[in-house]
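Trainee: Structure for the following, please:
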Amino acid sequence: MKIQGGCYCGAVRFEAEGDPLFKGQCHCRECQYISGGSPNMVMGMPASNFAYTRGSAKAFRRSDLENPVAREFCPECGTHLLSRAPGLPGAVLLKVGTLDDPSVFGAPQVAIFTIDKQSFHHVPEGVAEFERTPS
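Mentor: The predicted structure follows:
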């Protein structure tokens, strides 16, 4: 599978190739901040087959956390493009809304950090739920 996407203003573009490692939704408070209150929909793809094809992203890591996630944004419009999690080496977590064709996501396979899930968040029936990350 070859996936292309980019930011809202078009300054940054990317492509990823390969089979998705997983498709998920994260309900953690950090993701709620990033998404504006919703769970964060992500598709894990192999980092070895990921590349920026136009522009470059700016990375941000919180300095007050022990193992912070690196979040990459468009430096022009601020679109959150992807995350790189220390617990998932070799993966990029693409934000589904940045894909040229978000329908390739299909549906989540897993919902994580449901301990922080808000009453207005929806987890589809049959999706595995974890209070934190699965072991």
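
Trainee: Count the residues that sit near residue 5.
Mentor: 24 (other C-beta atoms under 10 Å). All C-beta spots, glycine's among them, are computed from the backbone N, C-alpha and C.

Trainee: quick one: which helix or strand includes it?
Mentor: Secondary-structure assignment from DSSP states H and E places residue 5 in strand 2-6.

Trainee: buried set for that strand?
Mentor: 3, 5, 6 (16 or more other C-beta atoms under 10 Å).

Trainee: go on, stretch 43-61?
Mentor: 43, 44, 45, 47, 50, 55, 57.

Trainee: got the contact list for the fifth one?
Mentor: The contact partners of residue 50, by C-beta atoms under 8 Å, 6 or more residues apart in numbering, come to 14, 15, 16, 92.

Trainee: just the third one next, same as before
Mentor: Neighbouring residues of residue 45 by C-beta under 8 Å, 6+ apart: 3, 16, 17, 18, 20, 21, 91, 92, 94.

Trainee: That one and residue 70: what is the separation?
Mentor: 15 Å (C-beta to C-beta, to the nearest Å).

Trainee: try the fourth one
Mentor: If you measure residue 47 against residue 70 using C-beta to C-beta, the figure is 11 Å.

Trainee: any shared contact partners between these two?
Mentor: Common neighbours of residue 47 and residue 70 (C-beta under 8 Å, 6+ apart) are residue 84.
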